[in-house]
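>>> Give me a model of this one.
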Amino acid sequence: MRLLSRHWPRIAVTLIPLVFALLHASGVVRLGVLQRLDDIIYDARLRATMPRTLDERIVIVDIDEKSLAEVGRWPWGRNKLAELVEELQDRQKTALLGFDVVFAEADESSGLKRLKQLAQAELKDQPGFSEKLNQLQAGLDYDAVFAKAIEKRPVVMGYYFTSDRDGRVNGVLPAPVMGRDALAGRPIKFTSWNGYGANIEQLAKAAPLGGFFNSITEGDGVVRSIPLLAEYKGQYYESLALAMFRMLAGLPRVEPGFPPEKFLTRNYQGLESILLKQGSKTLAIPVDDRVATLVPFRGHGGANGGSFRYISAADVLGKRLAPGALKDKIVLIGTTAPGLLDLRVTPVGETYPGVETHANVISGFLDGKVFVKPDYAVGFEIVILLLSGLTLAFALPMLSASRAVLVSLAVIAAIGGLNFWLYAGYGLVLPLASALVMALTAFALNMSYGYFVESRSKRELANLFGTYVPPELVDEMVKDPDSYSMKATTKELTVMFCDMRGFTKMSETMEPTQLQALLNSVFSRLTDLIRGNRGTIDKYMGDCVMAFWGAPVDTPDHAALAVKTALEMSNAVRRINEEHRTKGLPEIGIGIGLNTGTMCVGDMGSDIRRSYTVIGDAVNLGSRLEGLSKTYGVDIVVSESTRKLAGDFAWQELDKVRVKGKDQAVAIFWPLAPADRIDKDNADELKTWGLALKAYRAQDWDQCDVQLLNLQRANGKKFLYRLYAERVASMRLLPFDPEWDGATNFETK
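Have a look, this model is predicted:
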């Protein structure tokens, strides 16, 4: 919860594209650019996955430019079409014919009407007139000739629906495949028209099965789908491709396929599929919310497209094909001649023959390969948006830039991979653009906010604390910049004062530049140790450095780290002196004072100059302890509060002191080493020292002298033991003081 509260502005910014994507997906605010992008993605994926192989089962007899040049301009006399049908059915033995053209008007190209008028005027009184007229009509009634050619043959006639304000109709529609009662009162949304252009009655009766060849042109002018069923005045009619497929399948009846009612109510306005039922067999053809199917394009269209074999109608009429060359083929009769206006803009070509769209759909039905945008596409889109959007919104603010890139790429790859898997494996065309754009925009906004807003605060924080705080602590701080500020606060910290001994003497014997270089070198090494142990540099004061632990980053073990640093600094000075001896430089010493207590820490100073520092009585005591290091002949003096918190070190208690400005006596200690590194001799020495100190505070001078004598024999160089021996000698001259607490008073700073 703390992370969420810290990053909520960034989370909110990341959720903005998710909100707009959800509004688009639910239809509240339709974003045309996303629909267009979805179309582009679909078109690209379709082109990339087309089989580009020849379907030998379907042949297109093409009324092309060659045919128009040989046979004559369109429309041809229907006697020619009768010859075409007879050649295909009788000589070529085709399985099925489908006409992607309509014959909406009677054929008067034979001149039959004029001849009948002349015959009636000149021959009506002659014997046998009626018989001669019938003979004349039989040869010149091209509609009758064509009707006879298609009658009782596997032929599907084409027609079209229209929508205009007058609702004009022409010709005779075939019988509908389904009535309104089949929908059981469900308000299904079909593609609907108010007019049509169908075949003349004579042809409609001869070949009663027909299908419309309308396609659906999208907003960008591209044909991607065709309706399988269309509504006209409460009746439902089938497309040319569906009619031809049904004839191949034995004309199964058509029924609506509804989703299971356990998931949806009866008021759901959509079909899941079209059911073709014959006996106990049922074939379900999935459809979208317009009761349409996407055209499964096999490749680039036309005679050279390689998807279907194109044969010029002139070659069929001229009997240039060997007998049976098209045996058992499904034949679609259509046109690619530009002047006949049956070319379409499709995802795979800008001049795609309309007849080939139907060939593709039939091929898809035969292969069981039907692409469809299902009725639950909206729900799927919303679920994907929520899952991916919320994942990005709550994950990205918590991650570094590189990890955020990886997570965003992983989410985008998962979205795209799932979408493609459903497309390739199950023929489901589901929205993708909204999720991709949402993910990319969410990533961009998140990174922008992180750079321009959070990174700015992080940079400001790094600039503020960078000169005080170790880089690794700054790295921790910038992860949560809102938790750190220069504002003053009261905390328990450990403060260190480190003073360089012998500086005055060196300044008298060394050139200023040499002294500066020496001082900088020593302080650099000591500062590295402070920063390496998570310490914060407060300030440099001549030959003294001040530091503290526990702020601005909370450090529970601040006392232990401060003591560890002090020991490392002491060892570092010993190494520095070894180097100085080899170079002929003067040796140095240091005095360190450590105290732990409640301090005020923050940005303090004037309007002209400010710094991040600590103040308070605990700080002053730390400074006093540093001054005492020279008195006791040690390099580190630690207060009792620091010793208690620091833990596992070997300590030698130095004294109880009462410094200037403090009435309370404070025990002070010298850390010798980590507790696990103290040897037996030193451990025994500490025990003896403990006895000496106990006797000293009890004013048992004889016992104290005995212990001090033993300590000086064991370690005669230790100034502390000589100091106490001198004190005991002085204290013997004074009478016993029952009020004495064993503390030493210091009145100087």
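>>> For the stretch 1-150 of the chain, which segments count as strands?
Counting by DSSP state E, counting those that start in this stretch, the stretch 1-150 of the chain has these strands, from start to end: 58-63, 96-99.
>>> Distance to residue 416 and mean neighbour count added to these, as TSV?
(C-beta placed from N, C-alpha, C; glycine too.) As requested, the strands of the stretch 1-150 of the chain are exported to TSV (distance: least, CB to CB, whole Å; neighbours: other CB atoms under 10 Å):
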stretch	distance to residue 416	mean neighbour count
strand 58-63	33	27
strand 96-99	38	26
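>>> any chance of these in a markdown table, with distance to residue 403 and mean pLDDT too?
Below are the strands of the stretch 1-150 of the chain laid out as a markdown table (distance: least, CB to CB, whole Å; pLDDT from 0 to 100):
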| stretch | distance to residue 403 | mean pLDDT |
| --- | --- | --- |
| strand 58-63 | 53 | 96 |
| strand 96-99 | 58 | 97 |
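>>> Would you format these as CSV with distance to residue 201 included?
Conversion of the strands of the stretch 1-150 of the chain to CSV gives the following (distance: least, CB to CB, whole Å):
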stretch, distance to residue 201
strand 58-63, 24
strand 96-99, 16
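>>> who does the longest strand belonging to the chain touch, helix- and strand-wise?
Secondary structure assigned by DSSP state E gives strand 589-605 as the longest strand of the chain. Strand 589-605 makes packing contacts with strand 489-501, helix 558-583, strand 610-615, helix 617-631, strand 636-639, helix 640-646 when contacts are defined by 3 or more CB pairs under 8 Å, 6 or more residues apart in numbering; DSSP states H and E.
>>> Mean neighbour count, those: which tops it?
The highest average neighbour count among the helices and strands packed on strand 589-605, using mean count of other CB atoms under 10 Å, belongs to strand 636-639 at a mean of 28.
>>> Rounded mean pLDDT for it, please.
Mean pLDDT, strand 636-639: 96.
>>> Show me what it is packed up against.
helix 558-583, strand 589-605, helix 617-631, strand 666-674.
>>> which residues of the stretch 351-500 of the chain score low on pLDDT?
In the predicted model of the stretch 351-500 of the chain, residues 450-486 satisfy pLDDT under 70.
>>> repeat that for 50
Counting by pLDDT under 50, the stretch 351-500 of the chain shows no low-confidence range.
>>> so which of the helices and strands packed on strand 636-639 gets nearest residue 203?
strand 589-605 (95.8 Å; CB to CB).
>>> Just checking: what are the partner strands of that closest one?
When pairing is defined by DSSP bridges, strand 589-605 lines up against strand 489-501 (antiparallel), strand 610-615 (antiparallel), strand 636-639 (parallel).
>>> what would those look like in CSV with distance to residue 589?
What follows is the strands paired with strand 589-605, written out as CSV (distance: least, CB to CB, whole Å):
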stretch, distance to residue 589
strand 489-501, 3
strand 610-615, 25
strand 636-639, 12
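>>> Next, the contact list for the closest residue to residue 335 other than its chain neighbours, please.
Excluding its sequence neighbours, the residue lying closest to residue 335 (CB to CB, 6 or more residues apart in numbering) is residue 63, at 4.0 Å. By CB atoms under 8 Å, 6 or more residues apart in numbering, the contact list for residue 63 reads 74, 101, 313, 333-337, 340.
>>> related to what we said a few turns ago, so which of the helices and strands packed on strand 636-639 is nearest residue 238?
strand 589-605 (81.4 Å).
>>> in the closest one, what counts as buried?
589-597, 599-602 (16 or more other CB atoms under 10 Å).
>>> just the buried members of the contacts of residue 63?
For the contacts of residue 63, buried by 16+ other CB under 10 Å: 101, 313, 333-337, 340.
>>> what's the closest of those residues to residue 722?
Nearest to residue 722 among those, with distances taken as CB to CB, is residue 336, at 117.0 Å.
>>> ok, and the closest non-adjacent residue to that closest one?
residue 353 (4.7 Å).
>>> what's across from the one you found in the sheet?
Beta bridges link residue 353 to residue 343, judged by DSSP bridges.
>>> surely it meets residue 342?
Yes. Counting by CB atoms under 8 Å, residue 353 touches residue 342, with 6.6 Å between them.
>>> more neighbours, the two?
Neighbour totals were compared for residue 353 and residue 342, and residue 353 leads with 28 against 20 (other CB atoms under 10 Å).
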